[in-house]
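K.L.:
Predicted model and sequence follow; I will ask about them next.
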Amino acid sequence: MNTLSPALSNDIRVRDLLLNALTFSSGAIDAISFIALGKVFTAFMTGNVAFLGLRIAGAGGPGCVSIIVSMAAFSIGVYLGTRVIKPRGHKGAGVWPHRVTSALGLSLVGHAGFLVLWFAFRGQPSNDVAHILLALWGFAMGMQSAAVRSLHVDGVFTTAATATFIFVMGDFVYWSESADERRRLWGVLIFLFLGALAGGLLLVHARIYAPVLSFVTTLLVVVTAAIGFSNRTATEVATTPVLAGLNRAR
């Protein structure tokens, strides 16, 4: 039985829209980093792990330095993001705790640094500069991943779609997901595709401006979250039995 209040239902809808936007941004970032920065991902770490294995096996693939830089920066981003979101003794409150917005705000440092270097080299970075760019975006994507993970939305990570595929395909067996959950999961797949499409189109037709898309998208998410969830308190959450008792909204 759905006992969500109208205010909470609205918060969940806004949250899902923001998650779609972050997924769109990640899709564009991975498309751009893969094509323009040495065939390496800065959000999809599963691909990088596979690339590293291929490289060590002598089967070719991206350079080891590029892979390791991206993975290391992503790891640092996850670590620092987790520290920002959940310091010792702190528990987040609400559909979108304010510390999630803070972590995403810090990820903008990586986005902004990327833009500065990208524009400085007119979208044609050397190998050494490409490593720095990979680190900046890897850090930003790690921060974003830590922030989204803290929301505990099943099947949604915004930087990878494997878990989402599992949830979507599993739902065909028992049809157990609610309409809202189903819409949320398909949203991840659709917006990841659209982000990659947009990133690829920008690289082909307006290369110099390609990274602006992800920066602006993430900035809009941060601003929207800061405004939309600024008045949410732990008291409001405690008075909502469904949210207090579940880690996802059905």
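P.N.:
Great, that's in hand.

K.L.:
Residue 125 in helix, strand or coil?
P.N.:
Under DSSP: H, G, I helix; E, B strand; the rest coil, the three-state class of residue 125 is coil.

K.L.:
The closest residue to it other than its chain neighbours - how many residues pack around it?
P.N.:
Spatially, and ignoring its direct neighbours in sequence, residue 125 is nearest to residue 133 (5.9 Å; Cβ to Cβ, 6 or more residues apart in numbering). Placement of C-beta: from N, CA and C, glycine included. Look at residue 133: counted by other Cβ atoms under 10 Å, it has 26 neighbours.

K.L.:
Check the one 5 residues further on too.
P.N.:
When neighbours are defined as other Cβ under 10 Å, residue 138 has 29 of them.

K.L.:
Quick check: next helix or strand after the biggest helix by length in the chain?
P.N.:
When the chain is parsed with DSSP state H, its longest helix is helix 6-36. Next along the chain after helix 6-36, taking DSSP states H and E as the criterion, comes helix 45-56.

K.L.:
CA-only coordinates of that next one, as PDB, when you get a sec.
P.N.:
What follows is helix 45-56, C-alpha atoms only, in PDB (Å, rounded to 0.1, in the frame of the first residue of the first chain):
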ATOM      1  CA  MET A  45      35.300   1.300 -14.200                       C
ATOM      2  CA  THR A  46      34.300  -2.200 -15.200                       C
ATOM      3  CA  GLY A  47      35.500  -1.400 -18.700                       C
ATOM      4  CA  ASN A  48      38.800  -0.100 -17.400                       C
ATOM      5  CA  VAL A  49      39.400  -3.200 -15.300                       C
ATOM      6  CA  ALA A  50      38.900  -5.300 -18.400                       C
ATOM      7  CA  PHE A  51      41.200  -3.100 -20.400                       C
ATOM      8  CA  LEU A  52      43.900  -3.400 -17.700                       C
ATOM      9  CA  GLY A  53      43.700  -7.200 -17.900                       C
ATOM     10  CA  LEU A  54      44.000  -7.100 -21.700                       C
ATOM     11  CA  ARG A  55      47.000  -4.800 -21.500                       C
ATOM     12  CA  ILE A  56      48.800  -7.000 -18.900                       C
END
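
K.L.:
That helix: how far from the chain's middle?
P.N.:
20 Å (Cα atoms, centre = their mean, to the nearest Å).

K.L.:
try stretch 65-82
P.N.:
The mean C-alpha position of stretch 65-82 is separated from the chain mean by 14 Å, Cα atoms, centre = their mean.

K.L.:
and for that stretch, what are the contacting residues?
P.N.:
33, 37-38, 40-43, 45, 48-49, 51-52, 55, 103, 106-107, 110, 130-131, 134-147, 150 (Cβ atoms under 8 Å, 6 or more residues apart in numbering).
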